[in-house]
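> I would like to see how this sequence folds:
(chains A and B)
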Amino acid sequence: MVRSNKPILWLPFAAGGLVSALIIPVLIAITGVLLPLGLIHLPYAKLVATVHNPIVKVVFFGVIALSAWHAAHRMRTAAHDLGLGGGIFVKTICYGSAILVIFAATIALLLL
Amino acid sequence: MSRRPFIRKMRRSWWLRRRRTLFYMMRELTSLFIGLYSALLALGLVQLARGSQAWDSFIALITSRGGVIFQLLCFAFALFHSVTWFAVTPKAVPLSAPAKAVIGAHYAVWAVISVVVLLLAGRFVDGSIQ
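As a prediction, this is how the structure comes out:
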C-alpha cells in the first residue's frame, strides 16, 4: 500500500468542517448580533474569569485551530479551481495564515 | 512519453457561467469566512490577554458598523457551510445508516450545541462585572 502524509492534512480539515458547522453560527450570533444589539455584555473581568477555566481554553483552542485549518486546506484547493495554481505560494499563504492564527490563539490562551 | 501534455485553457471565471458551478464555488468559499471569523476570535483572545483597554477596543471593533456587516456576512456563509457540510457528510462518510438519518442527527446536534452555547452566554446578559 502506498503511504501518504495526506491524512495529516485532511483529518483536521474534516474535523474543522464539522466543528465549525456546529458552533461558528451561534458564536457569530452572539458576537455579531446579540452583542451589538446590547442584549449581551462582555465585560473584561468576567470574560477573563471565564476563559481562565481550562475547559473553556481547550474549547476555544479546538474551535479556532480546527476552523482555521479547515479554511486553509479548503481555500488551497479553491485557489487551484480559481486558476491560481497549487504551488508553494498558495500553500504558504493558506497554511501560513492558519498557523499564524493558531499560534496567536495559543499564546493568548497560555497567557490568560 | 509526451513532455508537453495538452492543457485545456480555462477562464478564471469558468464557475460563474453555470448555476451548479457557482453553487460549488460559493460552497467552497464559505471556508474563507470560517477562516476570517476564526482569525477574529483569535484576535479577541489576543486583545483579552493584552488587558482591559485592548479588550475594549476589540469590543468597539466588533460592534462597529463595519464589524457588524463583516460578521453578518460571515454568519450567512457560516449557515451555508453548516447546511452544505451536513448534506455532504453521508456521501463522504459511508455509514450503514440512511443518509436522511445521518443528516438529521447532525441538525439535532447542531441545535443542541447552539442552545447550550446560548444558555452559557446567558451569564453575560445582565452586564454585571462578576
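> any weak-confidence spans in chain A?
A:1-2 (pLDDT under 70).
> what's the longest helix in it?
Counting by DSSP state H, the longest helix found in chain A is helix A:54-81.
> does chain B sit close to that one?
Yes. Helix A:54-81 reaches chain B (Cβ under 8 Å from any Cβ of the partner chain) through A:60, A:63-64, A:67-68, A:70-75, A:77-78, A:81. The C-beta positions use only the backbone N, C-alpha and C, and glycine is treated the same way.
> The helix or strand following that helix: how far from the chain's middle?
Scanning forward in sequence from helix A:54-81, with DSSP states H and E defining helices and strands, the next element found is helix A:88-111. Relative to the mean C-alpha coordinate of its chain, helix A:88-111 is positioned 9 Å out (Cα atoms, centre = their mean, to the nearest Å).
> Number of residues surrounding B:V46?
19 (other Cβ atoms under 10 Å in any protein chain shown).
> now swap in B:L73 and tell me
Residue crowding around B:L73 was assessed by other Cβ under 10 Å; the count is 15.
> who's in contact with it?
Shown in contact with B:L73 (Cβ atoms under 8 Å, 6 or more residues apart in numbering or on different chains): B:F33.
> hmm, 10 Å instead?
Contact partners of B:L73, counting by Cβ atoms under 10 Å, 6 or more residues apart in numbering or on different chains, are A:28, A:32, B:33, B:36-37.
> Throw those residues into CSV and include neighbour count, thanks.
Shown next, in CSV, are the contacts of B:L73 (neighbours: other Cβ atoms under 10 Å in any protein chain shown):
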residue, neighbour count
A:I28, 25
A:G32, 24
B:F33, 23
B:L36, 19
B:Y37, 28
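> so which of these comes closest to A:A108?
B:Y37 (16.2 Å; Cβ to Cβ).
> hang on, isn't the closest one packed against B:Q71?
Yes. When contacts are counted by Cβ atoms under 10 Å, B:Y37 is listed as touching B:Q71 (7.4 Å).
> Quick check: neighbours shared by the two?
A:27-28, A:31-32, B:78.
> that older thread, can you say which of the residues of helix A:54-81 next to chain B are buried?
The neighbour-count test (16 or more other Cβ atoms under 10 Å in any protein chain shown) marks A:60, A:63-64, A:67-68, A:70-75, A:78, A:81 as buried among those.
> What is the most widely separated pair among the residues you listed?
Of all pairs drawn from these, the one with the largest separation by Cβ to Cβ is A:F60 and A:D81; the distance is 31.6 Å.
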